[in-house]
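Enquirer: Have a look at this prediction, sequence included:
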Amino acid sequence: MLLTRIKGPRDLDRLSQEELTQLAAEIRSFLVDAVSKTGGHLGPNLGVVELTIALHRVFDSPKDKVLFDTGHQAYVHKLLTGRQDFGNLRSKGGLSGYPSRAESEHDVIENSHASTVLGWADGLAKANEVLRRADHHVAAVIGDGALTGGMAWEALNNIAAAKDRPLVIVVNDNERSYGPTIGGLANHLATLRTTDGYERFLARGKELLERTPVVGKPLFETLHGAKKGLKDFIAPQGMFEDLGLKYIGPIDGHDIEALESALQRAKRFSGPVIVHCLTQKGRGYTPALEHEADRFHAVGVIHPDTGLPVSTDAASWTSVFADEMVRLGKEREDIVAITAAMLQPVGLKKFADAFPGRIFDVGIAEQHGATSAAGLATGGVHPVFAVYATFLNRAFDQVLMDVALHKCGVTFVLDRAGVTGTDGASHNGMWDMSILQVVPGLRLAAPRDAEQLRAQLREAVEVKDAPTVVRFSKGVVGPAVPAVGRIGGMDVLRAPAPEVTRPDVLLVSVGALAPMCLEVADLLDKQGISTTVVDPRWVKPVDEALAPLAERHRVVVTVEDNGRTGGVGAAVSQALRDAGVDVPLRDFGIPQRFLDHALRKEILAEIGLTAPDIARQVTGLVAKLDGRYDSEPAATVD
């Protein structure tokens, strides 16, 4: 096999065009076999095989910087830079599903959030200029989907301002992000895809006019002088050239020879160049090509021949949300939905099918999505913006200054909240409950089970004068966790025996961790420690009934699937201080560090967010109180 002989990019230099074609076929076969066993981003990588080969033949990585926006299409790059052990892809100790500096000097950026690569490329090109590194080049690959993001255009505005600063921008145009790319830019690129090239037209015109006596040559020179107007008419790449960017393309993104030629021309140019490549997501794998929803953008474990899942999961949090949105849509005509290019992943496909006039895909533009939602709310409808928890980070200013400041009734539904695991540091939704704590008037719900998700979503869309947030985990929704009582707006999940006048522990359980918190209570009970377990349901604002309830216990414990700094535990601690309740508090959550990719359960074990770990620490805290409780005032434990 040719692939096993590739230990680094320069090994590609010795291969003929025929061998490169064979290598591309081997890579596709490898990817289908490997990713079908582990799960991962299959479709995007099948689409960039020839493009990645050409990039590494033309550019000399790591001296030259080859950058991938989002990074989910970097599997081929990994294979060509010496990383061919995909046995533990996205698993603990195995390869990351994204570029990783820890893995290779060829991985420059770990940007698994979209539309950032051009900003990186601009900075790297400026550094080359400042340090006079004329022999260093920067090539940035960005998909047409990622070009819908505002950050990409902010970067292009800066890149185009430097006419003599070399930088190659490769537009990987497969008409898709997750699903088909939408919007004005998508329409423009579609025109470029389907229009005969200007150069071909001009060459044919020159041939004909030069045969025309007397007037032929002057007419051709006039025609050539009108080049810009003709380009807009014949092949409207003018949008890029108006910015000051040289445009090459469209190029067949599966023709290695044509790609190399285009990239070599771009590399030699003394300013910024756009190389527009047409690729096919899922290329070479029939099940992916026939999967119209997202061309196998990301798959679980599948059968390599059929592409069908090896096992069928139980109902997911996302599917529960999806079904409830359709019910709400039938009941209320003012309910509309927003997605940032992720219709299928966030569960809005059913709503879109049922109410095609009430769904808005804003592209990879979370900031715009949030402000547009404010406009929709001001216009008299109630928008539900469904987005991964990690991606809401990008729209914080809009949530704060556009939605909350204007008291707009917008509901944000945060999928993949908390530890998600296999996609690594950038995809853990561990920041939302900390970031959103500072937003005045915002109300935040963390459902513990499917029933509560349905109920709290309905409660959220009833709020007309403030933003509401409903956040839930990735994967399978757990069993129902019934309440045994209600105190204020909080559900009591476990109460101590009636004869216990002052229970030891008030355990505040947040969201999907409720089953684990009940397990903690069971373990404490075996140590003779009485426990009340409550689910606040709405964790912001802190329920007014919590402080007097805490005062009737010896210690308060909070457990959340969110960063400890500024999270629910911090909010509860502040509420107790404000109420003058001087009870020790211990908060359990995610440490404020970037977490390596692994299974969710492995990460939870690593950070001590398991029932035995929590019970052991709480037991120790109660033991300390037993030793000094009567003689010393209790102190808050942080």
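Expert: Thanks, I have it. Because the structure is a prediction, the values reported are computed rather than measured.

Enquirer: which helices and strands sit right next to the helix or strand harbouring residue 45?
Expert: Assigned by DSSP states H and E, residue 45 belongs to helix 43-46. Counting contacts by 3 or more C-beta pairs under 8 Å, 6 or more residues apart in numbering; DSSP states H and E, helix 43-46 is packed against helix 17-38. Quick note: C-beta positions are derived from backbone N, CA and C, even for glycine.

Enquirer: Centre of the chain to the helix it packs on, how far?
Expert: Centroid displacement of helix 17-38 relative to its chain, using C-alpha atoms, centre = their mean, to the nearest Å, is 26 Å.

Enquirer: ok, now stretch 369-379?
Expert: Using C-alpha atoms, centre = their mean, the offset of stretch 369-379 from its chain centre is 22 Å.

Enquirer: in this protein, which strand has the most residues?
Expert: Using DSSP state E, we find that the single longest strand of the chain is strand 555-563.

Enquirer: Quick one: mean pLDDT over the helix holding residue 45.
Expert: Mean pLDDT, helix 43-46: 90.

Enquirer: Name the surrounding residues that touch that helix.
Expert: Here helix 43-46 makes contact (C-beta atoms under 8 Å, 6 or more residues apart in numbering) with 28, 31-32, 35, 72-76, 143, 281-285, 288, 291, 294-298.

Enquirer: buried set for the following helix or strand past that helix?
Expert: Per DSSP H and E, helix 43-46 leads on to helix 49-58 as the next helix or strand towards the C-terminus. Residues 49, 50, 51, 52, 53, 54, 55, 56, 57, 58 are the ones in helix 49-58 that count as buried (16 or more other C-beta atoms under 10 Å).

Enquirer: can I assume the first one is in contact with residue 24?
Expert: The reference is to residue 49. Yes. In this structure, residue 49 is within contact of residue 24 by C-beta atoms under 8 Å, at 4.7 Å.

Enquirer: now what about stretch 99-114, what contacts it?
Expert: 9, 61-62, 65-72, 74, 77-78, 81-83, 95-98, 116-117, 120, 124, 143, 145-146, 149, 177, 364, 390-391, 394, 423-427.

Enquirer: make it 6 Å
Expert: 61-62, 65, 67, 70-71, 74, 81, 98, 120, 146, 149, 364, 426 (C-beta atoms under 6 Å, 6 or more residues apart in numbering).

Enquirer: Turn those into JSON lines, including secondary structure and distance to residue 502.
Expert: Below are the contacts of stretch 99-114 laid out as JSON lines (DSSP: H, G, I helix; E, B strand; the rest coil; distance: C-beta to C-beta, whole Å):
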{"residue": "61", "secondary structure": "coil", "distance to residue 502": "65"}
{"residue": "62", "secondary structure": "coil", "distance to residue 502": "64"}
{"residue": "65", "secondary structure": "strand", "distance to residue 502": "63"}
{"residue": "67", "secondary structure": "strand", "distance to residue 502": "60"}
{"residue": "70", "secondary structure": "coil", "distance to residue 502": "54"}
{"residue": "71", "secondary structure": "coil", "distance to residue 502": "53"}
{"residue": "74", "secondary structure": "coil", "distance to residue 502": "57"}
{"residue": "81", "secondary structure": "coil", "distance to residue 502": "62"}
{"residue": "98", "secondary structure": "coil", "distance to residue 502": "51"}
{"residue": "120", "secondary structure": "helix", "distance to residue 502": "57"}
{"residue": "146", "secondary structure": "helix", "distance to residue 502": "57"}
{"residue": "149", "secondary structure": "coil", "distance to residue 502": "55"}
{"residue": "364", "secondary structure": "coil", "distance to residue 502": "53"}
{"residue": "426", "secondary structure": "helix", "distance to residue 502": "45"}
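
Enquirer: And those residues, which two are furthest apart?
Expert: The largest distance within these, taken as C-beta to C-beta, falls between 62 and 364 and amounts to 27.8 Å.

Enquirer: Those two - which one has more neighbours?
Expert: residue 364 (30 against 15; other C-beta atoms under 10 Å).

Enquirer: now that one: how far from residue 418?
Expert: Going from residue 364 to residue 418 by C-beta to C-beta, to the nearest Å gives 23 Å.

Enquirer: neighbours of residue 522, just the number please.
Expert: Around residue 522 there are 13 other residues, counting by other C-beta under 10 Å.

Enquirer: The helix or strand encompassing it: which residues count as buried?
Expert: For residue 522, the host element (DSSP H and E) is helix 514-526. Neighbour counts over helix 514-526 (16+ other C-beta under 10 Å) mark 514, 515, 516, 517, 518, 519, 520, 521, 523, 524 as buried.

Enquirer: Mind putting these into JSON lines with distance to residue 385 and pLDDT?
Expert: Putting the buried residues of helix 514-526 into JSON lines (distance: C-beta to C-beta, whole Å; pLDDT from 0 to 100) gives the following:
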{"residue": "514", "distance to residue 385": "26", "pLDDT": "97"}
{"residue": "515", "distance to residue 385": "29", "pLDDT": "96"}
{"residue": "516", "distance to residue 385": "29", "pLDDT": "96"}
{"residue": "517", "distance to residue 385": "29", "pLDDT": "97"}
{"residue": "518", "distance to residue 385": "32", "pLDDT": "97"}
{"residue": "519", "distance to residue 385": "34", "pLDDT": "97"}
{"residue": "520", "distance to residue 385": "34", "pLDDT": "97"}
{"residue": "521", "distance to residue 385": "36", "pLDDT": "97"}
{"residue": "523", "distance to residue 385": "39", "pLDDT": "97"}
{"residue": "524", "distance to residue 385": "40", "pLDDT": "97"}
